[in-house]
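>>> Structure for the following, please:
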Amino acid sequence: MNIIYSKQSAKAIARMNAQTKQRIKTAIEELPNGDTKRLEGGGIATHRLRVGGLRILYSFDDENIFVEKIAPRGQVYKGV
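Numbering: from 1, shown residues only. This next block holds a predicted model:
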């Protein structure tokens, strides 16, 4: 599967320290395994992946994983 990052998620990763970047990268590469959950509401099937205090919002199709947003737990769901 190809992993496609939104501009917002790429900026969030760039601001992280090396250890956190590695944790995020490993968690995304292992999808759909991990602490994932489908989010309710909305037209597009969005899922969340929990990595410590961070949440990764993503969607996927047969060939691609679209990483839409990466933020702390209290902020990630605002504006979704």
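>>> Who are the contact partners of E29?
By C-beta atoms under 8 Å, 6 or more residues apart in numbering, E29 lies in contact with I3. (Glycine included, C-beta is placed from N, CA and C.)
>>> same thing but 10 Å
M1, I3, I65 (C-beta atoms under 10 Å, 6 or more residues apart in numbering).
>>> send the alpha carbons of the longest strand along the chain over as PDB?
Secondary structure assigned by DSSP state E gives strand 64-72 as the longest strand of the chain. Extracted in PDB, the C-alpha atoms of strand 64-72 (Å, rounded to 0.1, in the frame of the first residue of the first chain):
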ATOM      1  CA  ASN A  64      -3.600   3.900  -0.700                       C
ATOM      2  CA  ILE A  65      -3.700   5.100   2.900                       C
ATOM      3  CA  PHE A  66      -4.400   8.800   3.200                       C
ATOM      4  CA  VAL A  67      -3.000  10.300   6.400                       C
ATOM      5  CA  GLU A  68      -5.200  13.400   6.900                       C
ATOM      6  CA  LYS A  69      -4.300  14.700  10.300                       C
ATOM      7  CA  ILE A  70      -1.900  14.100  13.200                       C
ATOM      8  CA  ALA A  71      -2.400  15.900  16.500                       C
ATOM      9  CA  PRO A  72      -2.700  15.500  20.300                       C
END
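>>> same for that strand, what does it pack against?
Judged by 3 or more C-beta pairs under 10 Å, 6 or more residues apart in numbering; DSSP states H and E, the packing partners of strand 64-72 are strand 2-5, helix 7-14, helix 18-29, strand 47-51, strand 54-60, helix 73-76.
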